[in-house]
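**Q** let me see the structure of the following:
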Amino acid sequence: MNPMPLETAAVPRLVRLRAMGRLGLRMMFHDRLKFIGTISGVVFAVLLAVQQLSILFALLNRNTQFVDNAGADIFIVPPNTRLLQPGEKLHESVLYQARSTAGVLEAQPLVFAAATLAKPDGGSESVTLIGFESTSRLGAPWNIVGGDPRNLEQPDTIFLEDSQREKYGAVNVGSTRELNNHRIRVGGFTWGLVPFGPPYSFADIDLAREVTQVAVDRMNFVLVRVQPGMRLEDVRDAIAPRVPEALVLTRDEYHSSIVTTLLKEQLGMSFGISTSFGLIIGLVIVSLSMFSSVLDNLREFGTLKALGCTNGDLSILLLVQSILYALFGSVVGLGWVTNVVEGIRNPLLVPIIPHYVIYAAPVVMVVLCLFASTLALMRIRRLEPGMVFR
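**A** Numbers count the residues shown, from 1 in each chain. Below is the predicted model:
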């Protein structure tokens, strides 16, 4: 006898797959309470996990935003630097070596120091003073919500953080204050430039040196722009041997160093636990709901087996349900978490949901729901067709 052609043999299998898919969909909506309960588990997992990740990314961004927005392609920093913070000073010879390196378009010094702003009522607030060359844009303020950055070229003028205006004594553009006992004028405001430490403030580098008593031949960092068409890594490697007393990093390398250090020392464990907690709770809810659904429909599943459905057919039924639960719950959860994130947005915390998290969430939930269906699959595999006749 000639074997049945492959196309003909495949048709019954495809028909059965479609039938199992439709049956699984109908069973999902048959018990509305279980459907809502299972979807709620997925929504809760997506909501908690994505919301925790958005806060984690926000905290990381708070501490990398200067590196990302300073306009520099390469940073020359003190040795053993891992975070962006005041530390050991570099000699001006480092600046001159950078400027004379092939491939360097521009190199500028940067002062990065702590300072204290006096308030009219007698109190004081700490700030992180960033002193940059005001004729350049390397290290200049961004997210400006008041004033003109050209104001910083005027004597004794600084930019402050807008979200701290009341804490600084209801300051406005043109207000005068004392910074480390030096009289200054407020020339403008930035928004959201608040790292883990005191908020950023900006001034011309000469004023910053005077206020923080940094010698004219010293600086905290050197910011470098590379000529168009040059590879950052090539210029970095050319600068490094010329300044053995310093560490030379590309912008991405410095960014990664800060993120890695924060995750290892401060944020990784706490946010990893909270995110995992949300996923585990969702897994448990989905697992119990699907297992309970199988228990409530044992006779129906037994009938399907008695009619000729195999364990593989019934597995398809549950897998279709798992995927649909994951997709429905992910859509609802992502919509909900977007509103939650927008509601808690403020200058001190700007939650960030990267696009890849939005794309990854449904995939992760599909995997989680498929894993959650294993209990139900195990119960179905042990089910005897003869039970329907008892």
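
**Q** quick check: Ala58 vs Gly278, distance?
**A** Shown here: Ala58 relative to Gly278, a distance of 17 Å by C-beta to C-beta, to the nearest Å. Backbone N, C-alpha and C define where each C-beta goes, glycine included.

**Q** with Leu23 instead?
**A** In terms of C-beta to C-beta, Leu23 sits 31 Å off from Gly278.

**Q** and for Trp142?
**A** Where Gly278 is concerned, Trp142 sits at a distance of 34 Å (C-beta to C-beta).

**Q** Pro120 too?
**A** In terms of C-beta to C-beta, Pro120 sits 46 Å off from Gly278.

**Q** these two: which is more packed in?
**A** Using other C-beta atoms under 10 Å as the criterion, Pro120 and Gly278 rank with Gly278 on top: 19 against 13.

**Q** show me what stretch 146-153 is in contact with.
**A** 134-135, 140-141, 157-159, 162, 173, 186-189, 202-204 (C-beta atoms under 8 Å, 6 or more residues apart in numbering).

**Q** name the element Ser274 belongs to?
**A** Assigned by DSSP states H and E, Ser274 falls within helix 268-296.

**Q** buried sites along that helix?
**A** Under the neighbour-count criterion of 16 or more other C-beta atoms under 10 Å, helix 268-296 has 271, 274-275, 278-279, 282-283, 285-294 buried.

**Q** does His255 touch Val67 like I think?
**A** Yes. Taking contacts as C-beta atoms under 8 Å, His255 lies within contact range of Val67: 5.2 Å.

**Q** the closest residue to Val284 other than its chain neighbours and Val145: what is the separation?
**A** The shortest distance from Val284 to any non-neighbouring residue, by C-beta to C-beta, 6 or more residues apart in numbering, is to Gly41 (7.6 Å). Between Gly41 and Val145 the computed distance is 42 Å (C-beta to C-beta).

**Q** and for Ala246?
**A** 35 Å.

**Q** okay, the two: which has more neighbours?
**A** Ala246 (23 against 13).

**Q** identify the residues contacting the more buried one.
**A** Contacts of Ala246 (C-beta under 8 Å, 6+ apart): Ile76, Val77, Pro78, Pro79, Leu90, Val94, Val222.

**Q** again, 6 Å this time
**A** Ile76, Leu90, Val94 (C-beta atoms under 6 Å, 6 or more residues apart in numbering).

**Q** do Ser201 as well
**A** Here Ser201 is in contact with Val127, Leu129, Ile158, Leu160 (C-beta under 6 Å, 6+ apart).

**Q** change it to 8 Å
**A** Counting by C-beta under 8 Å, 6+ apart, Ser201 touches Ala115, Leu117, Val127, Thr128, Leu129, Ile130, Ile158, Phe159, Leu160, Glu161.

**Q** again with Ala102
**A** Val235, Ala238.

**Q** hang on, it is in a strand, isn't it?
**A** No. Using DSSP: H, G, I helix; E, B strand; the rest coil, the assignment for Ala102 is coil, not a strand.

**Q** any idea which element Val94 lies in?
**A** helix 92-99.

**Q** who's in contact with that helix?
**A** 76, 104, 107-109, 216-219, 222, 224, 239, 242-243, 245-246.

**Q** and stretch 339-353, how far apart are its ends?
**A** Taking C-alpha to C-alpha, to the nearest Å, stretch 339-353 runs 12 Å from one end to the other.
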